[in-house]
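> Sequence first, predicted model second:
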Amino acid sequence: MNVLTRWVLIVATWICATSAMAQADTLQRRTMAYANFRPALVTLTSGKVVKAAQANVLLKGSVLVYRNPQGRIMEANRATVKSVDFDDRHYERIDTLLFWRVDTVGDNALYKATYIDMASLRQQILNSRNMTDMQVNSLMLSSTALMANEEDLELPYTDVYYFRYRGKWVKVHERYIDHALPRNKRQAYKVAVAMPGFSWSNPRSLISLLRAISD
């Protein structure tokens with residue numbers, strides 16, 4: 001069993017043990033973007049399109065994974081993946097993470113990546129049990145060590161957003177957006193972010209902002 005397969009089994013076992021009442025298909029209890037592996041079309045940076053019969057997005061790093069003919073879970077080479085298309089989502093690689101397209105506004109679009117904060121997860125395990133760093137390292141690599149864990153810990157997720165704006169990737173943050181805006185969109189931008197209920201972490205707010213600053 002390779003390290004990646006072992007890691008997935010470890011965390012999946014831990015999740016089941018810590019919360020028997022949790023729904024397996026909710027994000028709070030997932031290590032993968034999808035509950036089950038599914039077909040995907042993978043576009044490589046070379047332009048070649050490859051069909052993967054069983055693929056998924058591992059939230060440990062928001063990276064493409066697939067099952068090889070022997071059934072082992074393998075991690076795709078991030079540097080060679082340009083985009084991934086599942087039946088219901090289109091992903092684009094930005095730096096090292098896969099981001100899925102939430103919605104479009106004309107030629108512009110909002111993208112989102114969700115990944116597990118491994119440093120926070122590690123700290124939660126350390127805080128919940130009387131364990132040393134060395135023991136936690138062993139725990140994270142063992143295929144059975146987490147089975148008896150009964151603490152009800154939430155997987156810590158981090159969400160990151162990007163706009164595809166005027167042909168460029170722009171991280172959703174005041175500083176980066178302000179730098180990318182043309183002068184004739186600055187007033188619309190100020191009005192949009194001043195609206196009651198606006199949130200930089202809410203996709204609906206971000207789509208409204210994108211509409212305001214798009215042509």
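That came in fine, so what should we check first? Numbering: from 1, shown residues only.

> quick one, phi psi at I94?
Dihedral angles of I94 (phi, psi; degrees, to the nearest 10) stand at phi -120, psi 120.

> That one: what's it in contact with?
With contact set as C-beta atoms under 8 Å, 6 or more residues apart in numbering, I94 has these partners: 111, 113, 162, 169. Backbone N, C-alpha and C define where each C-beta goes, glycine included.

> go on, T45?
Under the contact definition (C-beta under 8 Å, 6+ apart), the residues listed for T45 are 79-82.

> still on that earlier bit, of the contacts of I94, which is the most crowded?
Of the contacts of I94, A113 is surrounded by the most neighbours, 24 neighbours in total, counting by other C-beta atoms under 10 Å.

> Just the contacts of T45: which are in helices?
Members of those lying in helices (criterion: DSSP state H): none.

> Pull out the buried members of the residues you listed.
Under a neighbour-count criterion of 16 or more other C-beta atoms under 10 Å, the subset of the contacts of T45 counted as buried comprises V81.

> Among the contacts of T45, find me the one that's closest to Y34.
Nearest to Y34 among the contacts of T45 is V81, at 16.7 Å by C-beta to C-beta.

> count of neighbours near M134?
Taking other C-beta under 10 Å as the neighbour definition, M134 ends up with a count of 8.

> swap in E75?
Using other C-beta under 10 Å: E75 sits among 16 other residues.

> Bridging across strands, which residues link to it?
For E75, the beta-bridge partners under DSSP bridges are V65.

> do you know how far it is from N127?
Distance check for E75 against N127: by C-beta to C-beta, to the nearest Å, it reads 29 Å.

> if I look at Q54, how far off is A35?
Applying C-beta to C-beta to Q54 and A35 gives a distance of 13 Å.

> Please identify which of the two sits among more neighbours.
More neighbours sit around Q54 than around the other of Q54 and A35, counting by other C-beta under 10 Å; the figures are 16 against 13.
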